[in-house]
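J.: could you work out the structure for the sequence below:
(one chain, ligands or ions: 1)
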Amino acid sequence: MALTKEQFITEFKDMALRLYAAPIEDLSSQQLYQALALLTRSYIAKPWADTKARYDEEETKQVFYFSIEFLPGRLLQSNLLNLGILDEVEAGLKELDLHPDKIFDAEADPGLGNGGLGRLASAFMDAMASVGMAGNGNGIRYQYGLFKQAFVNGYQVELPDDWMRNGFPWETRKENRAVTVKFGGWVELRPSRGGHLRVIYHNTDDVLAVPYDVAMVGYHNGVVNNLRLWSAEAPIHAGTHFSLEQRERINQITQILYPDDSDNAGKELRLRQEYFFTSAGIQSIVRHYRRTHNSMAGFADRVAIHINDTHPAMAIPELMRVLMDDEHVGWDEAWRITLKVMSYTNHTLLSEALEVWPIDMFRGLLPRIYQIVQEIDRRFRLAFVPQFGQAMIDRIAPLGNGQVRMAYLATIGSHAVNGVAPLHSELLKKDVLHDLFQIFPERFNNKTNGITPRRWIQIGDRPLAHLLDKKIGTAWRQNPLALRKLHDFIDDKRFLSDLNATKAENKRELAKYIDQMVHVKVDPDAIFDVQIKRLHAYKRQLLHVLGILDAYLAIKRGEKRPKRLHIFGAKAAPSYVYAKEIIKVMNAVANMVNSDPEVSPYLQVVFLPNYGVTMAEKIIPGADISEQISTAGKEASGTSNMKLMSAGALTLATLDGANIEIKNAVGDDNIEIFGLTEKEIAGYYQRGDYRSRDFYEKDPRLHAVLDMLVNGKIPGIETEGRDIYNALLMYNDEYFVLADFESYLAANARVDKLYQQPQLWAKKVLVNIAESGRFSADFTVQRYGREIWHVLPQTPEDDG
Ligand code: 26M
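T.: Residues are numbered from 1 along each chain as shown. Got it, this is the predicted structure:
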């Protein structure tokens, strides 16, 4: 859209006056934010309505991305950027003597997700709008997002995230689009005259699902898509009256996001959440379709539904239910439609994270859905036992061991199943879904994750963005593959030193931020070494800590090293005891290192509490090193690896997840790889001959570092050090930390050496930025669009 600075100033003053009956100089940052958000929203309204009308008019095939999590990050700056008016607005604010950043910082960050999976869902929303694809999100409007993390005496403490306290200016309540979701009770199947079954529900608990829509603004293209988040309310109909307790129970459904990202807790409320937003989404899609069509015959040509991991896998039986019970379609035709509509992404290989539900719980809460799952199960067995044998089908049928097995249900009921990086997609076929791959090989495919360079570079890294504009023009902002133009300047010494200067500027900014957050003065000339992701044993923050302890001991012995600052951000699931012990040790190590005057000139450690999308925007531009050190074969993809690469950090990585794609993109000379490969680790498992203690006994450096966990040398830790020591030595180190220790140190030594050669370092930075464009989520969603959702024209390379 077009908007001059002068127009903006007039409209902004006007909006502020209408809202707060005061001139702007009397308003708080929060009030200025509210006024600016509402003004921005008014610019979005028309293209939003127009986009929707156009999709309806042209009967565009629409994608519905079902996800129990969305992590959009703050929306004001990104909406202004995508509308094409960010520069004008910032100039206008400055002319009014206001600080844009202060206003942007007044916005709450909607933490409606745990980490990678939720952030990916939001990146896809942004990308679909930006490539002009008709993409809708379907999720939950949690009253409280992911807990806020604080450290008390080095321990993680969880505080409620009341993110809507000041309202959420980007949402629109649509009460006239509410639907009813039924739980519990029992079902009566009564043959009716028309030949179909009549399904009569008795004694159900009904919940009203009210949608709140959030605009997803495309980049400079006039497209505005919709993210629909559902909120649970007590129904209002004549004759029923709800007690306070009943209302409480209903409100609970959308009150809080579950904080586990890699564990299936099996709680009934979680199952309620899953069915709640899934059923609401399916009902609303079918209702909308039926307003303009008098049968469901063409539904699959107009609708694609994607399930983000298995949490919305009930979309499969729920669509079957609506097709059969409400729309009177027979089983075979309903199944044909469902398969054609549904597709599924798997995000994890960890067996403890694979979702299963006890049949008794499932049947009690969702009796009709259970009947349909039983029928899916029965037909699956009937169809495939003859060819594949009872034993194999028993392993992979939707029902087994007294459980509903969601990944199997999702695979059986979808026409496409994908992993999120090539290694992960291969391992799905080899291990987790091996038997189903034998039956449905054509369904399996890979879609490597992506990120949105708009948020991470254009908004998050303004100094780099301006340097790129100056050197290669602005085309990269529209098409990040244009970053490859940077290769032309690999020998341009001026530019290489400009790259280093830009990083130095970002590091000074980050140093200020760190000081504000944790009151530690860090040296901006140090190597900034970053690991930001959820805390989990398989991600091996512990390996990073052991590396720090080794450096500590070396410095204590008098060794000189280039100065390194280690920056961590990580939340642990509140129930994950081991992860919380690691957090305590990380904080204790940080204290020990930072307060030791012999050490701190060479080594500093900061653990920033409450890591999230907004904090990531502040950390990533200042990173020199990106730690991606998961046990090979465990990290499905990772996405912080891509973000850090695009900001010119060098990746220090195992051959896991999308690290492998990054290595292929930049070449072996522009990444530091270490550690066991997935194959080597699989070999240890097969032979059963991994002995962590051997590594401890053979490597004196490792020995010394592990002993520190238990010999009282790290002030403030007691049982935590012992528990971790035991996990590594008595319980044989499930994640191969000790096996990778030596090669991790060697890789770090190479990094230190390299950093001594600023120009060589800058060349590697250049290559990383230049090749990061391929990881734009814009390309990822286009591959989904062509190969899975069938919403885009085929390109020549899709054939063959
Ligand atoms: C489960 C049930 C109910 C509510 C929440 C959950 C749940 C939520 C998040 C379970 C797992 C969740 O996240 C898993 C996850 O984030 N996986 C990561 O997905 C990223 C995007 O594909 C990958 O890049 C990461 O490698 C992968 O760990």
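
J.: for the ligand, what are the nearby residues on the stretch 101-250 of the chain?
T.: 114-117, 120 (C-beta under 6 Å from any ligand atom). Where C-beta positions appear, they are placed from N, C-alpha and C, glycine not excepted.

J.: so how far is stretch 506-525 off the chain centroid?
T.: From the chain centre to the centre of stretch 506-525 is a distance of 27 Å (C-alpha atoms, centre = their mean, to the nearest Å).

J.: number the residues from 56 up from this point.
T.: Shifting the count to begin at 56 puts that one at stretch 561-580.

J.: who touches that stretch?
T.: Residues outside stretch 561-580 that contact it (C-beta atoms under 8 Å, 6 or more residues apart in numbering): 516, 518-519, 559, 583, 618, 620, 622, 649, 659, 661-664, 673-674, 676-677, 679, 702.

J.: hmm, back to that, and the residues of the stretch 156-305 of the chain next to the ligand, which is closest to Gln741?
T.: For these, the minimum distance to Gln741 (C-beta to C-beta) is 28.8 Å, reached by Gly171.

J.: what about Ile337, distance to the ligand?
T.: Distance of Ile337 to the ligand, computed by C-beta to the nearest ligand atom, to the nearest Å: 18 Å.

J.: for the ligand, see how far away the closest residue in space to Tyr197 that isn't next to it in sequence is.
T.: Distances taken as C-beta to C-beta, 6 or more residues apart in numbering put Leu312 closest to Tyr197, at 4.6 Å, once the chain neighbours are dropped. Leu312 sits 7 Å away from the ligand, taking C-beta to the nearest ligand atom as the criterion.

J.: tally of neighbours for Leu312?
T.: Neighbours of Leu312 under the rule other C-beta atoms under 10 Å: 22.

J.: got phi/psi on it?
T.: Torsion angles at Leu312 (phi, psi; degrees, to the nearest 10) stand at phi -80, psi 130.

J.: pretty sure it sits against Gly170.
T.: No: using C-beta atoms under 8 Å as the test, Leu312 is too far from Gly170 to be in contact (11.4 Å).

J.: need the overlap of contacts for the two.
T.: Shared contacts of Leu312 and Gly170, counting by C-beta under 8 Å, 6+ apart, come down to nothing at all.

J.: so, low pLDDT: which residues of the chain?
T.: Applying pLDDT under 70 to the chain flags the ranges 293, 317-318, 321, 849-855.

J.: tell me which residue of it is furthest from the middle?
T.: Arg248 (49.5 Å; C-alpha atoms, centre = their mean).

J.: that one: which element?
T.: According to DSSP states H and E, Arg248 maps onto no helix or strand at all.

J.: show me what Met271 is bridged to.
T.: For Met271, the beta-bridge partners under DSSP bridges are Asn280.

J.: isn't it right next to Ser185, touching?
T.: No: using C-beta under 8 Å, Met271 is not in contact with Ser185; the gap is 9.1 Å.

J.: of those two, who's got more company?
T.: Using other C-beta under 10 Å as the criterion, Met271 and Ser185 rank with Met271 on top: 31 against 25.

J.: need the contact list for that one.
T.: So Met271 contacts 180-181, 183-184, 190, 192, 279-282 (C-beta under 8 Å, 6+ apart).

J.: can we see that at 7 Å?
T.: 180-181, 184, 279-282 (C-beta atoms under 7 Å, 6 or more residues apart in numbering).

J.: all set now, cheers.
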